[in-house]
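>>> curious how this folds, go ahead:
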Amino acid sequence: MTSLATLWLPILVSAVFVFIASSVIHMFLPWHKSDYAKLPNEDRAIDALRGLAVPPGDYVIPHCSGAEEMKSPAFKEKMEKGPVMVVTVRPNGMFGMATFMVQWFVFCLVMGLLSAYVASRALPVGTPYMAVFSTVAGATFTGYAMAAWPLSIWYGRKWSTTFKSTFDAVIYALLTAGTFGWLWPR
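Residues are numbered from 1 along each chain as shown. Below is the predicted model:
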């Protein structure tokens with residue numbers, strides 16, 4: 001075992017590397033450009049929804065309150081007629097990217113900490129680079145990638161978006177694993 005406290009530097013440096021890589025991926029590379037499409041008749045849809053004053057939150061349309069209602073002819077008709085949606089409504093107004101970026105960086109730190117925990121329990125001080133790399137890569141990939149899959153399974157998110165997020169997770173895992181292998185206590 002290795003003391004978790006001795007891994008503060010790889011935790012911090014890997015979070016910085018992942019943060020930079022994710023910024024490059026999402027701002028300069030084209031593969032996430034098609035993740036969200038424009039709603040047809042967007043202006044009409046916005047005008048119709050504005051009058052409803054829907055508060056921020058997550059919604060499913062059509063909604064049912066339980067299994068009995070789901071079996072009802074009225075609910076089945078709503079499902080057939082559509083639209084069928086899972087919707088997140090945010091507060092009105094422009095949002096500041098700074099809050100999202102800070103939250104993402106904290107998440108990267110937490111991922112580094114969790115990966116460090118796994119590696120610190122499994123590997124002693126002085127472990128060779130490749131052993132550290134493979135242990136940290138597996139733990140980190142699992143954390144970054146697998147959370148996206150239930151969004152496609154249960155909520156209908158496009159599988160292409162999930163696959164792209166999984167590819168991003170490979171990059172994040174390789175960066176984190178390389179950082180831990182490089183900075184592992186000797």
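>>> okay, the residue with the largest distance to the centre of the chain and residue 10: tell me how far apart.
Most distant residue from the mean C-alpha position of the chain: residue 73, 36.7 Å away (CA atoms, centre = their mean). Residue 73 sits 59 Å away from residue 10, taking CB to CB, to the nearest Å as the criterion. In short, each C-beta sits where N, CA and C put it, glycine included.
>>> what's the answer for residue 44, then?
Separation of residue 44 from residue 10 (CB to CB) stands at 52 Å.
>>> okay, these two: which has more neighbours?
Between residue 44 and residue 10, residue 10 has the larger neighbour count (other CB atoms under 10 Å), namely 25 against 10.
>>> ok, for the residue nearest the centre of the chain, nearest residue in space, not its chain neighbours?
The centre of the chain sits closest to residue 148, judged by CA atoms, centre = their mean, with a distance of 5.7 Å. Distances taken as CB to CB, 6 or more residues apart in numbering place residue 165 nearest to residue 148, at 4.3 Å, with adjacent residues excluded.
>>> so which residues make contact with stretch 38-48?
With contacts defined as CB atoms under 8 Å, 6 or more residues apart in numbering, stretch 38-48 is touched by no residue outside it.
>>> let me see the mean pLDDT of that stretch.
The average pLDDT for stretch 38-48 rounds to 93.
>>> do stretch 114-134 as well
Here stretch 114-134 scores 98 as its mean pLDDT.
>>> which positions in that stretch come out as buried?
Within stretch 114-134, the residues that count as buried by 16 or more other CB atoms under 10 Å are 115-116, 118-120, 123, 127, 132-133.
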